[in-house]
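Q: the sequence isn't on hand, but the structure is:
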């Protein structure tokens with residue numbers, strides 16, 4: 001007589017097979033996420049290779065520099081690693097994770113607040129950048145907490161189409177993310193005068209709800 005497994009055993013085997021399949025899918029997903037995290041972590045310490053070429057072009061002849069789409073300025077702070085194109089998008093999210101060519105990049109881009117005028121005609125303009133490892137992006141902003149570093153790294157340039165500004169660092173400060181400088185582009189809490197000002201803003205590693213800023217006075221070249 002042919003032996004037939006009880007129906008409940010057949011069901012259990014089916015359930016076991018399904019669980020094994022689910023475990024395989026989960027393991028595959030975990031491996032994929034781990035691989036992506038490793039890739040993302042490695043690239044977080046890098047910047048696009050083309051940036052070095054752009055720096056050379058700006059240094060050689062800024063007047064003939066080829067401005068890319070979305071690029072509104074070039075920011076350079078003397079004696080620091082801050083030497084980047086400044087982008088501007090339709091919001092303040094896109095360039096957090098995309099480079100100046102629109103490609104995904106863990107380091108994102110240095111970018112101007114979307115509410116500011118692209119020609120930097122506002123009384124106060126905010127430029128954002130990640131605080132990356134390896135002295136990338138705006139990691140040098142936090143160094144201005146040191147008085148000696150501040151005193152020896154005060155000058156810079158902001159090049160825009162057809163002109164530019166000479167920059168002078170006048171203050172380093174740590175602000176709350178809820179400060180009106182971010183919600184309303186209102187710099188009254190900083191006690192700014194009548195000059196034109198550029199604010200460099202980046203994350204504060206000691207507190208997620210804080211931002212390190214460097215206040216720069218801007219005067220036309």
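A: Perfect, thanks for sending it. In this text the structure is predicted, and so the values were computed from the model without any measurement.

Q: all helices of this protein, in order?
A: 7-44, 50-60, 147-152, 180-183 (DSSP state H).

Q: so what secondary structure elements neighbour the shortest one?
A: When contacts are defined as 3 or more Cβ pairs under 8 Å, 6 or more residues apart in numbering; DSSP states H and E, helix 180-183 packs onto strand 124-128. Heads up, the C-betas are built off the backbone N, CA and C, glycines and all.

Q: ok, how many other residues are close to residue 166?
A: 14 (other Cβ atoms under 10 Å).

Q: can you check residue 196 too?
A: 18.

Q: now it. Nearest residue, chain neighbours left out?
A: residue 218 (4.4 Å; Cβ to Cβ, 6 or more residues apart in numbering).

Q: which ones are touching that neighbour?
A: Applying Cβ atoms under 8 Å, 6 or more residues apart in numbering to residue 218 gives the contacts 120, 158, 165-167, 195-198.

Q: likewise for residue 101?
A: By Cβ under 8 Å, 6+ apart, the neighbours of residue 101 are 48, 50, 68.

Q: from residue 47, how far out is it?
A: For residue 101, the distance to residue 47 equals 12 Å [Cβ to Cβ, to the nearest Å].

Q: ditto for residue 186
A: 32 Å.

Q: more neighbours: which of these two?
A: Between residue 186 and residue 47, counted using other Cβ under 10 Å, the more crowded position is residue 47 (18 against 13).

Q: what about the strands in this structure?
A: 71-77, 83-87, 110-112, 124-128, 155-160, 163-176, 196-203, 210-220 (DSSP state E).
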